[in-house]
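Peer 1: Need the 3D shape of this:
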Amino acid sequence: VIVKSDEWLGDKGLLAVLIEELHFAETRPHDAYHAMRCLNAIIGVSSDVKSRAIELGIRNAMDISQNVGHCSHALLARESDIGISMV
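Peer 2: Numbers count the residues shown, from 1 in each chain. Have a look, this model is predicted:
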């Protein structure tokens, strides 16, 4: 199964890269918005992916993106709210 591969779930895999992008929401809010959209799609697919995202610190990253979004980027705020409700 592709989603369980290291390219997806490893410490330097796609999931980790997308989560890391949320940490830069203040300087790159539009990139964080697109990362958040991808994350919402990915974590909704599999409980394994959601568990791994939590291990990688998605909750803290989502808090950052949500705060930035509510201050300056409505689309990021909306996607962050959706993501937080999923984890």
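Peer 1: who touches stretch 57-71?
Peer 2: 19-20, 22-23, 25-26, 29, 32-33, 36, 39, 43, 75-81, 83-84, 87 (C-beta atoms under 8 Å, 6 or more residues apart in numbering). Where C-beta positions appear, they are placed from N, C-alpha and C, glycine not excepted.
Peer 1: Buried ones only from those residues, please, as a PyMOL command.
Peer 2: Buried subset of the contacts of stretch 57-71, written as a PyMOL selection, criterion 16 or more other C-beta atoms under 10 Å:
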select buried, resi 19+22+23+25+29+32+33+36+39+43+76+77+78+79+80+81+83
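Peer 1: Show me the contacts of stretch 57-71 that map onto helices.
Peer 2: Judged by DSSP state H, helices contain the following of the contacts of stretch 57-71: 19-20, 22, 29, 32-33, 36, 39, 43, 75-81, 83-84.
Peer 1: show me the contacts for the residue lying closest to S72 once chain neighbours are set aside.
Peer 2: Nearest residue to S72 in three dimensions, chain neighbours excluded: P29, at 6.3 Å (C-beta to C-beta, 6 or more residues apart in numbering). By C-beta under 8 Å, 6+ apart, the residues touching P29 are 68-69, 72-73, 76.
Peer 1: Since that was my last question, I'll sign off now.
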